[in-house]
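Undergrad: need a 3D model of the following:
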Amino acid sequence: MLADTNHRFFGRSQAPVDASETRRIERWLATARVFLAVSALVAIRMDPTQLGHSPAAYGLLGFYMGNSILVLMLLRRRQASTSSFRVLVHTADIVWPAFISVFAEGPRSPFFLFFVFVLTAAAYRWGVWETLSTAAAEVVLLWAESFVLLHIWARQGTTLPWHLLSGLQINVTEFQPRRLFMLSVYLLVMGLLLGYLSEQQKRLRAEKAAVTRMLATVRVEAGLTGTLQQICRQIASMYAAGRLLVASQEIHSRRTFLGELRNGDGAHPDFTWLNSSPRDAKSYLEDFPGEVCYAIHEKDRWSVIALDREGNQLSAPPTEPVVRLREQQPFQSLIAISFVFGGEWRGRVFLFDPSWQGEKQEELRFLLDLLRQVGPAVYNVYLLHRLRRRAGAAERARVARELHDGAVQSLIAVEMQVDVLRRQADTSPQIVGGELDRIQGLLREEVLKLRELMQQMKSIDVDARRFLSVVRDAVERFERETGISARFVTDVENLEMPDKVCRELLRIVQEGLVNVRKHSKARHALVRLSSSSSEWNLTLEDDGKGFPFSGRLRQDELDQMGKGPTIIKERVRLIAGALTVESNPSSGTRLEIKVPRGGETSDEL
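TA: Predicted coordinates for the structure are as follows:
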């Protein structure tokens, strides 16, 4: 489950952090640590009084810088950063500020930046509690140093026992309890502030990751039910809800639909559609307070929080819809989020008995924003699914019409003519041979029409590598089946053409050859493909009777006159091409299609 694989904060799953991201964070912190060490060396070089006039001062900071460079080199060489390594480095970062502040002008010297760095590192790595714990550890170390300096060090004298540390000064005054108390408050407040900001940044990152993760599950091939199942699984797991219910209604037809996902013991709960009636709209969709609401039943009374469309809290939201819903669906607490899709659908998502913590209004605002971002993607899947059904219905109707007006009518005519020939066979045998030849030609024509219809229905999988061979095969098959001499000529060897352009040009060739067979009465046909640095050029020529006009016309002129091959014109538009038709009645036709390289192609059907 999603809730089991990711850590949770405030009742919501955090965005997952992979090993590579952790490694990059540690590298960034290591680089910042080196920069801080160099800055500290420059600071004491400019103002040696900060650490006293002693080579040991530079030695201490040099040691810190060497350690920082070593950590950076280890992180660059290692493939992963382990948790124990991070804790060890962080522990050293905690100890160092407290240690160096003893020899500086006290904890409130410019080396206070070391305290800021370790708190920032804790916030960057983890969250509010770890940052606050780091601040508390610094405070404990400072108070321990204060105790040693004021009660033990003062009794033994104020000189350092080690020769290497000679020249370093200890400002005991800065470790007086009164001054140290205010510094402790500063550190704790800063730790709380940085941790809080880090937690809010992680919350925002988790929100964006959740939206991105859900949008990634929106796939047309999964269908509407599959898409809803993936999204509902993630929402139910995110809030550990026992059940999730989607109630929707088609606005113009008033049809109501109910879908449920039970987040039980199964690893992958399924989304199922339930039986519903128009009366369910009253229970699930009517009179609910606000755009999103949270209701919980405690101590024999209902507590309801509701927000409007802008995320503002509503005063005194009604509880009657929640009470009415509980009569049909058993629950102790509930989250309800409404949605509207494209003015066609309205609905509400219900999370029953969710488990969450933190500030309720912020969570409700997140859910409202989540549904607003994911909803349009789901609606697009619905629209595409509906378009596919309509396109399929239109295609089936076209095929049925083609069969009825073509093959079926022709076969009926053949059947009637065969019946007539059967009756005339004994009385007029001399006319049977000619009639049989005519019937055979009619059957051959219908076979070709059926093959062309099947070819149009067949999906095309062609790319630039196969385009030339597929076009050559189509032209050769046309010659075999029709007896019309046809050739394919090209000077292109290495074709680099988008798949969509390949498919549309192949369809244009097929449609053009069909028109030659049906209408031109030609004896020869030629298909030619050439290319230049800026465009591809496809031409189709025949020596037939031509179009019922004379001259050379562009596509816009053909549209104004209502002439020209309609299907070919539409396919040329889909690939941003330019069509020119040259017609000479009784002498033939020439179609020229120019397609620019890198032109914008349309996704229209």
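Undergrad: contact partners for the residue nearest to V374 when sequence neighbours are not counted?
TA: Leaving aside its chain neighbours, V374 sits nearest to M214 (5.1 Å; criterion: C-beta to C-beta, 6 or more residues apart in numbering). C-beta: built from backbone N, CA, C; applies to glycine. The contact partners of M214, by C-beta atoms under 8 Å, 6 or more residues apart in numbering, come to Q230, I231, Q234, I235, L370, V374.
Undergrad: could you say which helix or strand contains M214?
TA: helix 177-216 (DSSP states H and E).
Undergrad: report the next helix or strand after that helix in sequence order.
TA: Assigned by DSSP H and E, the successor of helix 177-216 is helix 223-238.
Undergrad: what is the orientation angle of that next one with helix 177-216?
TA: 160 degrees (axes from the mean of the first three to the mean of the last three C-alpha atoms, to 10 degrees).
Undergrad: what comes up buried for helix 223-238?
TA: 224, 226-238 (16 or more other C-beta atoms under 10 Å).
Undergrad: in CSV, list the residues you listed along with distance to H90.
TA: Listed next are these as CSV, based on distance: C-beta to C-beta, whole Å:
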residue, distance to H90
L224, 49
G226, 45
T227, 43
L228, 44
Q229, 43
Q230, 39
I231, 39
C232, 40
R233, 37
Q234, 33
I235, 36
A236, 37
S237, 32
M238, 30
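Undergrad: out of those residues, which is nearest to L197?
TA: Of all the buried residues of helix 223-238, M238 has the smallest distance to L197: 23.4 Å, by C-beta to C-beta.
Undergrad: so R243 sits against R262, correct?
TA: Yes - using C-beta atoms under 8 Å, R243 makes contact with R262 at a distance of 5.3 Å.
Undergrad: how close does S283 get to R466?
TA: From S283 across to R466, the span is 57 Å (C-beta to C-beta, to the nearest Å).
Undergrad: also T319?
TA: For T319 relative to R466 (C-beta to C-beta), the value is 66 Å.
Undergrad: out of the contacts of M214, what pair is the most spread apart?
TA: Within the contacts of M214, Q230 and L370 form the most distant pair, 14.1 Å apart (C-beta to C-beta).
Undergrad: how about R254, secondary structure?
TA: Three-state call for R254 (DSSP: H, G, I helix; E, B strand; the rest coil): coil.
Undergrad: report how many residues lie close to it.
TA: Neighbouring residues of R254 were enumerated by other C-beta atoms under 10 Å; the total is 9.
Undergrad: helix or strand with the lowest mean pLDDT in this protein?
TA: helix 2-5 (a mean of 35; mean pLDDT, DSSP states H and E).
Undergrad: chain center to the biggest helix by length in the chain: distance?
TA: Assignment by DSSP state H gives helix 360-402 as the longest helix of the chain. Taking C-alpha atoms, centre = their mean, to the nearest Å, the mean C-alpha location of helix 360-402 is offset from the chain mean by 15 Å.
Undergrad: hey, where'd the helices end up in the stretch 351-500 of the chain?
TA: With helices called from DSSP state H, counting those that start in this stretch, the stretch 351-500 of the chain shows them at 360-402, 409-424, 432-457, 467-482, 499-515.
Undergrad: these two touch, right, F175 and E145?
TA: Yes - contact between F175 and E145 holds when scored by C-beta under 8 Å: they sit 6.4 Å apart.
Undergrad: these two: which is more packed in?
TA: The neighbour count for F175 versus E145, taken as other C-beta under 10 Å, is higher for F175 (23 against 19).
Undergrad: quick check: the more buried one vs A135, distance?
TA: In terms of C-beta to C-beta, F175 sits 18 Å off from A135.
Undergrad: likewise F547?
TA: As judged by C-beta to C-beta, F547 and A135 stand 86 Å apart.
Undergrad: between these two, which has more neighbouring residues?
TA: A direct count of neighbours by other C-beta under 10 Å for F547 and A135 places A135 higher, at 26 against 21.
Undergrad: mind checking the SS state of A576?
TA: A576 ends up coil, using three-state DSSP.
Undergrad: list the contacts for the residue nearest to L384 when sequence neighbours are not counted?
TA: Of all residues not flanking L384 in the chain, V220 sits nearest, at 5.3 Å (C-beta to C-beta, 6+ apart). The neighbours of V220, taking C-beta under 8 Å, 6+ apart as the test, are V381, L384, H385.
Undergrad: excluding its backbone neighbours, what's nearest the last one?
TA: Residue nearest to H385 in three dimensions, not counting chain neighbours: L224, with 5.6 Å by C-beta to C-beta, 6+ apart.
Undergrad: and the gap between the one you found and N380?
TA: Taken as C-beta to C-beta, the span from L224 to N380 is 10 Å.
Undergrad: repeat that for L194.
TA: Look at L194 and N380: by C-beta to C-beta, they are 41 Å apart.
Undergrad: which one's more surrounded, these two?
TA: L194 (22 against 15).
Undergrad: W28: what secondary structure?
TA: Of the three states, W28 takes helix according to three-state DSSP.
Undergrad: quick one: it and T91, what's the gap?
TA: 19 Å.
Undergrad: could you do E298 as well?
TA: 45 Å.
Undergrad: more neighbours: which of the two?
TA: Ranked by neighbour count (other C-beta under 10 Å), E298 and T91 place T91 first, with 13 against 9.
Undergrad: the host helix or strand of that one - contacts with which helices or strands?
TA: According to DSSP H and E, T91 maps onto helix 83-103. Helices and strands touching helix 83-103, by 3 or more C-beta pairs under 8 Å, 6 or more residues apart in numbering; DSSP states H and E, are helix 19-46, helix 55-77, helix 113-125, helix 128-147.
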